[in-house]
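1. how would this look folded up:
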Amino acid sequence: MMTRELTFHVSELRALSKFLCGLADVASDRLSLTQAAFFLQAAIADAAGRPSTRTEIITSNRTWIRGSIRNSYRQLLEPSRVYPNALGWLRTVENPLDAREKVLRLTDKGREIVEQAIR
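-> Reported below is the predicted structural model:
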């Protein structure tokens with residue numbers, strides 16, 4: 001039964017595999033699978049025109065996000081004094097709907113990473 005169900009998704013699985021291989025090719029060696037998935041969640045939300053906050057991503061993905069991503073996601077942000085070697089794929093900007101929140105937006109470099117991984 002499981003095999004039959006998977007055969008309907010071979011092309012989707014192949015596309016996902018190619019995307020992950022493309023992301024691994026352009027990503028830093030220090031990028032974890034959880035960080036890559038977090039980045040993709042932020043990229044999808046931004047591309048859809050509704051950028052997410054860190055909390056929204058963590059809350060909506062509790063099954064695979066563990067405690068370490070709560071801080072390690074900062075490796076995906078633009079370099080800072082605290083994280084000078086950060087990847088620079090995301091930036092935080094004030095939420096226009098709630099100034100108390102910061103949403104995650106793709107940087108130009110982040111967009112390039114997604115486009116390279118898609119190719």
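
2. helices or strands next to the lengthiest strand in the chain in the packing?
-> Scanning the chain for the strand with the most residues, using DSSP state E, yields strand 98-106. Strand 98-106 is packed against helix 33-47, helix 54-60, strand 90-95, with contacts defined by 3 or more C-beta pairs under 8 Å, 6 or more residues apart in numbering; DSSP states H and E. Using the backbone N, CA and C atoms, a C-beta is placed for each residue, glycine as well.

3. ok, 6 Å please
-> Packing contacts for strand 98-106, counted by 3 or more C-beta pairs under 6 Å, 6 or more residues apart in numbering; DSSP states H and E, involve helix 33-47, strand 90-95.

4. The following helix or strand past that strand to strand 98-106, inter-axis angle?
-> For strand 98-106, the following helix or strand on the C-terminal side (DSSP states H and E) is helix 108-118. Relative orientation of helix 108-118 and strand 98-106, computed by axes from the mean of the first three to the mean of the last three C-alpha atoms, to 10 degrees: 50 degrees.

5. what sits up against helix 108-118?
-> Applying C-beta atoms under 6 Å, 6 or more residues apart in numbering, the contact partners of helix 108-118 are 19, 22, 23, 26, 43, 88, 89, 90.

6. what's the answer for stretch 20-31, then?
-> 36, 113, 116, 117.

7. now, which of these sits nearest residue 68?
-> Minimum distance to residue 68 across the contacts of stretch 20-31 is 13.6 Å, recorded for residue 36 (C-beta to C-beta).

8. ok, the closest one - contacts?
-> residue 23.

9. Check the gap between it and residue 101 for me.
-> 24 Å (C-beta to C-beta, to the nearest Å).

10. Check residue 42 too.
-> Residue 42 is 14 Å from residue 101, by C-beta to C-beta.

11. who has more neighbours, these two?
-> A direct count of neighbours by other C-beta atoms under 10 Å for residue 42 and residue 101 places residue 42 higher, at 25 against 15.
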